[in-house]
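Enquirer: sharing a model prediction with you, sequence too.
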Amino acid sequence: MSRKNTAAAQKSVAIQNLGCSKNLIDGERILALFASNGFSVASDASLADIIIVNTCAFIKEAKEEAIDTVLEMGGLKKSGRCKALIVSGCFSERYRGAVKKEFPEVDVWAGVDDWGEILSSLIRDGLGDGGAVSPSMQGGLGDDTGDNVGFKRVLSEPLSTQHIKIAEGCSHKCSFCVIPSIRGKFKSRSVDSIIQEADWLYGQGARELILVAQDTSFYGRDIGANLVKLLESLLKSTDFPWIRMMYLHPQFVSDGLLSLIAAEPRLCRYFDIPLQHISDAILASMNRSPLSRGIYKLIERIRTAVGGAALRTSFIIGFPGETEKEFGELKNFIQFAKFDKLGVFPFSPEEGTQAYAMRPRPKANTVQRRCDELMSIQQEISREILEAKVGIDTEVIIDRISDDPDFNYEARTRADAPEVDGRVFVSSGDFEAGRITTVKIIGASDYDLYA
Ligand code: SF4
């Protein structure tokens, strides 16, 4: 087929990515598969022939967001150009059997391995360029981890910071979590394929690389590798000045990892470790380890081994059996640990998990009050930590031009991950996005810094 014919028949595809950075990467890979099969990518869904809603179904709010977005995008079949609406991701994997009838506007409910077939039928129906589906597509998204289809992605985040998925699935059995039943067991990508993708991302302009997986610290256990070896290879084979990891599990933060982070300035001294709770009773019924003693020890190990470490964690509030006693333990722990960053989530009972049947559940207003109480303790801790940085010269990465007219740029320190942590508002200088530079901190608010 000539280029001219292909261009004349070219159809466009847009994606709405919901949920976490791991889902975002899946969405970028899906777009790349469409692009390599002759589709153009539209950033505005109302101008697209095909709309994909790439969903999350981790907790109640994520499911609600998925349903709202599907309905909103379904409306574009009447008012926009859309001829086909596809729903993919965790919500589709989990509920497609049950909800198909309720969403007649949805044309395709996709699973992770269905993309080859979906593309073939879109093309058959005249919604492609009329060519054949490329051979690399025919197994869908390959082996789930990205190794088969390579690392092709249509990047959607600011180019300077990019996430990279190093594994898929999870082999832990936290009693509240649906991920293992949706995504299957933990499967590591090969070191080579990660290095190849990282190198490509650097070539696209990325200067901060963020490693993600359901449990990043578990990397390699299924393929005779480990996270330390992967990091050493990344340091040797790529030029990223900042490398960060998200989602470490408290059980698998090894001394080797701490030593490497302490010794290697390109690795951010940033520890994102979702702890979920501190009460032994609650941790045991969550099926989590270590228990509280091990967690207190871990905090001490990190702070002893890695000077200036920034700690981020998250907790589930209102898990079945959480009384004022267990909640009190959590408050004491937060005051002791003084996390740099903290997130709290109300317990969301998910069908198909062990915790779904557990009782007693604290009342919704009690859960909200506990969440508010923890966040107000954290607000003071965060302000104290940030105020101590005023007057200090700090390295930042420039993310973007600031929307706030009082400042030139929004940036981040090594202690801040994009989206979830604070920002540094910079009021002078002449920078492009992705530039790593040193600024003087001149002010602090509860969660942000000014430079
Ligand atoms: S570690 Fe636990 S909470 Fe995290 S994905 Fe695995 S099972 Fe779910």
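Expert: Yes, it's here. Numbering: from 1, shown residues only.

Enquirer: so which residues of the stretch 301-450 of the chain form strands?
Expert: Taking DSSP state E, counting those that start in this stretch as the test, the strands found in the stretch 301-450 of the chain are 310-317, 341-346, 393-401, 409-413, 424-426, 436-440, 443-444, 449-450.

Enquirer: what does the fifth one contact?
Expert: Defining contact as CB atoms under 8 Å, 6 or more residues apart in numbering, one finds that strand 424-426 is touched by 394, 396, 398, 402, 404, 406-413, 416, 439, 441, 448-451. Quick note: C-beta positions are derived from backbone N, CA and C, even for glycine.

Enquirer: hang on, the earlier thing: need the strands of the stretch 301-450 of the chain in JSON lines with mean neighbour count and mean pLDDT, can you?
Expert: Shown next, in JSON lines, are these (neighbours: other CB atoms under 10 Å; pLDDT from 0 to 100):
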{"stretch": "strand 310-317", "mean neighbour count": "22", "mean pLDDT": "98"}
{"stretch": "strand 341-346", "mean neighbour count": "19", "mean pLDDT": "97"}
{"stretch": "strand 393-401", "mean neighbour count": "18", "mean pLDDT": "96"}
{"stretch": "strand 409-413", "mean neighbour count": "23", "mean pLDDT": "97"}
{"stretch": "strand 424-426", "mean neighbour count": "22", "mean pLDDT": "97"}
{"stretch": "strand 436-440", "mean neighbour count": "15", "mean pLDDT": "97"}
{"stretch": "strand 443-444", "mean neighbour count": "17", "mean pLDDT": "98"}
{"stretch": "strand 449-450", "mean neighbour count": "22", "mean pLDDT": "98"}
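
Enquirer: closest one to Pro104 among those strands?
Expert: Smallest distance to Pro104 across the strands of the stretch 301-450 of the chain (CB to CB): 32.6 Å, for strand 341-346.

Enquirer: just checking, what packs against that closest one?
Expert: Applying 3 or more CB pairs under 8 Å, 6 or more residues apart in numbering; DSSP states H and E, one finds that strand 341-346 contacts strand 310-317, helix 364-387.

Enquirer: tell me the bridge partners for Arg244.
Expert: Under DSSP bridges, the beta-bridge partners of Arg244 are Ile210.

Enquirer: name the residues of the stretch 151-300 of the chain found near the ligand, please.
Expert: Cys170, His172, Cys174, Cys177, Ile179, Pro180, Gln214, Asp215, His249 (CB under 6 Å from any ligand atom).

Enquirer: winner for burial among the helices and strands packed on strand 341-346?
Expert: strand 310-317 (a mean of 22; mean count of other CB atoms under 10 Å).

Enquirer: what is it packed up against?
Expert: strand 270-272, helix 324-337, strand 341-346, helix 364-387.

Enquirer: what segments of the stretch 51-200 of the chain are strands?
Expert: 84-89, 108-109, 161-165, 167-168, 187-188.

Enquirer: now render the ones you listed as TSV, adding mean neighbour count, mean pLDDT and distance to Ile51.
Expert: Shown next, in TSV, are the strands of the stretch 51-200 of the chain (neighbours: other CB atoms under 10 Å; pLDDT from 0 to 100; distance: least, CB to CB, whole Å):
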stretch	mean neighbour count	mean pLDDT	distance to Ile51
strand 84-89	24	92	5
strand 108-109	18	91	11
strand 161-165	24	95	23
strand 167-168	24	93	25
strand 187-188	21	96	29
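
Enquirer: and those as CSV, adding distance to Gln368?
Expert: What follows is the strands of the stretch 51-200 of the chain, written out as CSV (distance: least, CB to CB, whole Å):
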stretch, distance to Gln368
strand 84-89, 28
strand 108-109, 34
strand 161-165, 31
strand 167-168, 34
strand 187-188, 37
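
Enquirer: residue of the stretch 1-150 of the chain nearest the ligand, please.
Expert: Among the residues of the stretch 1-150 of the chain, Phe58 lies closest to the ligand, at 8.6 Å counting by CB to the nearest ligand atom.
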